[in-house]
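**Q** This is a predicted model, with the sequence first.
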Amino acid sequence: MMRPIDLRSDTVTRPSPEMREAMAGAVVGDDVFGDDPTVNRLEETAAAMLGKEAAIFAPSGTQTNLIALLAHCQRGDEYLVGQTAHTYRYEAGGAAVLGSIQPQPLDPNPDGTFDLERVAQVIKPDDYHFARSRLLCVENTHNGLALPLDYLDQVAESGAAHGLSLHLDGARIFNAAVKCGVGVAEIAEHFDTVSVCLSKGLGAPVGSVLCGDQPTIARARRWRKMVGGGMRQAGIIAAAGLFALERNTARLQTDHEHARLLAGGLAEIAGYRVEYDEAQTNMVFVSPPADRVSGLQAYLAEHQVLILGGSRIRLVTHLDISREDIEAVIELVKSYRA
């Protein structure tokens with residue numbers, strides 16, 4: 001049986017033999033005591049790469065986003081966030097449930113940016129009738145789109161003008177940096193805290209880091225313990241994150257090239273509408289003809305190609321997808337008849 005071609009997400013990547021070797025050989029200690037040298041090295045490396053004072057390792061991006069919000073906000077505070085942002089839509093309402101932090105959703109533009117004038121309009125007055133507007137959350141990349149660098153300058157200026165702290169859900173910040181041709185610190189510098197996922201395109205099996213200044217990360221460390229994120233001999237998984245940061249960032253360009261190839265090939269198939277922007281990184285959105293929506297997912301699965309079906313399909317390239325895989329998928333989609 002052929003190897004599955006899994007385009008559902010870049011979260012499906014599997015650790016390479018070299019990464020597994022690094023994990024097996026990791027020096028470990030008790031991270032709750034601060035004694036795991038591999039975790040410490042990962043946190044130091046991540047902070048240095050992003051130009052921040054400190055970092056904290058956690059099991060997931062959902063947790064690093066959560067402890068960031070908890071570190072920035074108190075009960076009754078408010079964070080401003082996009083309607084389609086991961087922190088608002090896909091993280092089980094954790095900030096509201098566990099932190100009593102009120103979200104103020106904003107409608108994003110198609111390119112993932114906010115209208116900053118609209119942001120200013122929804123900031124609450126300093127009045128005890130209202131929640132206190134404390135934090136603006138930005139996502140980069142957003143639906144695979146790298147946000148423009150000049151827009152990030154504007155976000156920083158807007159945050160400073162209105163007294164808002166800034167958090168970046170940078171789950172795929174390295175994709176954004178590669179796309180924009182800059183070092184990742186050039187994106188991170190605009191934000192007080194940045195969450196970075198290690199288990200998407202970077203290929204680690206688990207883990208995320210939150211980077212920021214020392215006081216904020218100290219508060220986040222307390223919150224991590226409270227929500228059950230304290231781990232013991234975590235160096236085994238931290239070693240995978242270190243390997244990912246040191247070896248798997250530059251190669252993201254290959255994933256972007258594969259996404260471009262996939263978009264171009266699908267766009268040539270009659271009836272298929274492809275959404276692909278020059279700011280796109282490793283995602284392609286495609287809408288099949290109406291008569292093929294219901295059957296395309298099952299047809300591809302019969303040929304060991306995994307997608308999430310629907311009328312608008314997200315296809316995600318990653319390190320386990322080759323150029324030959326992309327070409328095979330294009331040919332299979334061409335061959336499907338409802």
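**A** That came through, no problem.
**Q** can you pull out the helices in the stretch 151-300 of the chain?
**A** Using DSSP state H, counting those that start in this stretch, the helices assigned to the stretch 151-300 of the chain run over residues 173-180, 184-188, 214-226, 235-247, 252-267, 293-302.
**Q** Which one, of those helices, ends up nearest to residue 4?
**A** Residue 4 sits nearest to helix 293-302 of all those, at 9.0 Å, using CB to CB. Using the backbone N, CA and C atoms, a C-beta is placed for each residue, glycine as well.
**Q** Each with direction, which strands does the next helix or strand after that closest one pair with?
**A** Next helix or strand after helix 293-302 toward the C-terminus (DSSP states H and E): strand 305-306. Note on strand 305-306: by DSSP bridges, its sheet partners are strand 5-6 (parallel).
**Q** and after the partner strand, which helix or strand comes next?
**A** Where DSSP H and E defines the elements, the next helix or strand beyond strand 5-6 is helix 17-24.
**Q** what comes up buried for that following helix?
**A** Buried positions in helix 17-24, judged by neighbour count with 16 or more other CB atoms under 10 Å: 19, 22, 23.
**Q** what's the answer for stretch 279-287, then?
**A** Of the residues in stretch 279-287, 279, 280, 281, 282, 283, 284, 285, 286 count as buried by neighbour count, 16+ other CB under 10 Å.
**Q** and the fourth one, backbone torsions?
**A** Here is the backbone geometry of residue 282 (degrees, to the nearest 10): phi -120, psi 20.
**Q** which residues sit in contact with it?
**A** By CB atoms under 8 Å, 6 or more residues apart in numbering, residue 282 lies in contact with 10, 144, 172, 175, 201, 252, 255-256, 258-259, 316-318.
**Q** Need the max-distance pair from those.
**A** Maximum distance among the contacts of residue 282 (CB to CB): 15.1 Å, for 172 and 258.
**Q** Look at those two and report which has more neighbours.
**A** residue 172 (27 against 21; other CB atoms under 10 Å).
**Q** List phi and psi for that one.
**A** Residue 172 adopts backbone torsions of phi -120, psi 40, taken as degrees, to the nearest 10.
**Q** for the helices of the stretch 151-300 of the chain, which one sits closest to residue 69?
**A** Closest to residue 69 of those, according to CB to CB: helix 214-226, at 9.0 Å.
**Q** What is the burial count for residue 228?
**A** Neighbour tally, residue 228, other CB under 10 Å: 9.
**Q** do residue 32 as well
**A** 15.
**Q** ditto for residue 93
**A** Neighbour count for residue 93, taken as other CB under 10 Å: 10.
**Q** Let me see the confidence value for residue 291.
**A** On the pLDDT scale, residue 291 is placed at 91.
**Q** how about the helices of the stretch 151-300 of the chain in a markdown table, adding distance to residue 328?
**A** Formatted as a markdown table, these follow (distance: least, CB to CB, whole Å):
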| stretch | distance to residue 328 |
| --- | --- |
| helix 173-180 | 24 |
| helix 184-188 | 32 |
| helix 214-226 | 42 |
| helix 235-247 | 27 |
| helix 252-267 | 11 |
| helix 293-302 | 10 |
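**Q** so which of these gets nearest residue 101?
**A** For those, the distance to residue 101 is smallest for helix 214-226, at 11.9 Å, taking CB to CB.
**Q** so what are the domain limits for the protein?
**A** Domain segmentation of the chain under automatic domain parsing yields 17-247, 251-335.
**Q** Now render the ones you listed as CSV, adding distance to residue 4.
**A** Converted to CSV, these look like this (distance: least, CB to CB, whole Å):
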stretch, distance to residue 4
domain 17-247, 17
domain 251-335, 5
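**Q** Pull up the gap between residue 73 and residue 236, please.
**A** 33 Å (CB to CB, to the nearest Å).
**Q** Tell me which of the helices of the stretch 151-300 of the chain lies nearest to residue 127.
**A** With CB to CB as the measure, helix 214-226 is the member of the helices of the stretch 151-300 of the chain nearest residue 127 (26.4 Å).
**Q** Going by contacts, tell me the helices and strands next to that closest one.
**A** strand 54-58, helix 61-72, strand 208-212 (3 or more CB pairs under 8 Å, 6 or more residues apart in numbering; DSSP states H and E).
**Q** strand partners of the first one, parallel vs antiparallel please.
**A** Think strand 54-58. Take DSSP bridges as the rule and strand 54-58 pairs in its sheet with strand 208-212 (antiparallel).
**Q** Cool, thanks, signing off.
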